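S.K.: The following block contains a protein sequence and its predicted model.
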Amino acid sequence: YQYKRLDFAFDNVPFTPQEVEGAIREDQLRTLAKRETMKIHGSPFETRDNGKLGTWTVELGSSTSQRMITVYNKRGPTRLEFQMRDKRAHYIACELFGAANIHAWYPIMIRHLRDYVDFQSSWWDEFTNGIGRAYTTVSNPKDVSMESLLEWFDYQVGPAFSAIVDTQSPDVI
C-alpha cells in the first residue's frame, strides 16, 4: 500500500480555537508552518451542533503542504484535526499499522503532531500529557527542491521540449 493522506481528529481537546489563535499571534509556539498561512473563520451568530451560539475555526499551514492543523468548535466541543500528505502520511500510517496494538496509536499521533506544532501553554501540556516529539524527518530541503523542479520541468517544459526535439534539426536544438 501507498498511503497518500492521513487525518487525525482529536475531540474534546482542553483548549479553544481562540486560545490557539492567541498563541499563534503571540508567537508562543514552535512550528515549521509559516505564520501567514493562519486563517481565521468566525461566525458569531452561527449555532453550533450542541446549540451554543458562535463558531470559530483556526487553520495553520497550507492545504497544499505536507501538514496542516485545523482547530474548530462548529460541532460543539473543540476539535483539532491534523492533516498529513504524501511521504509523511505514508511513513506515519506504516508506523501506526506496525504498532503492537491500538493503545500505542495515541502516543504515536501526538509525537507526530508535536513534530509539526508545539504550543508553549498549560493547555497544550495538558493535551500532550508529557508525550514527546517523534523527531521524524522524511525529506531534506535539497531533495524537496529538486523533486519540485523536476516535477515542474516534466509537466510544464517537457511537452514543449519534446515537440522541439521531434520537429527541429540537431543544429536548432
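M.R.: In hand now; what should we look at? Numbering: from 1, shown residues only.
S.K.: Can you list the residue ranges for helices in the chain?
M.R.: Here the chain has its helices, by DSSP state H, at 17-25, 86-97, 105-116, 122-128, 141-152, 158-167.
S.K.: can you redo these as a markdown table with distance to Thr55, mean neighbour count and mean pLDDT?
M.R.: All C-beta atoms are positioned from the backbone trio N, CA, C, and that covers glycine. A markdown table is the format used below for these (distance: least, CB to CB, whole Å; neighbours: other CB atoms under 10 Å; pLDDT from 0 to 100):
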| stretch | distance to Thr55 | mean neighbour count | mean pLDDT |
| --- | --- | --- | --- |
| helix 17-25 | 9 | 19 | 97 |
| helix 86-97 | 28 | 17 | 94 |
| helix 105-116 | 23 | 19 | 97 |
| helix 122-128 | 19 | 15 | 97 |
| helix 141-152 | 35 | 10 | 72 |
| helix 158-167 | 45 | 10 | 87 |
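S.K.: Any idea which of the ones you listed gets closest to Arg5?
M.R.: Using CB to CB as the measure, helix 86-97 is the one of the helices of the chain that comes nearest Arg5, at 5.3 Å.
S.K.: nearest to Glu59, of the helices of the chain?
M.R.: Ranking those by their distance to Glu59 (criterion: CB to CB) puts helix 17-25 first, at 9.7 Å.
S.K.: Tell me the helices and strands packed up against the closest one.
M.R.: Packing contacts for helix 17-25, counted by 3 or more CB pairs under 8 Å, 6 or more residues apart in numbering; DSSP states H and E, involve strand 53-60, strand 67-72.
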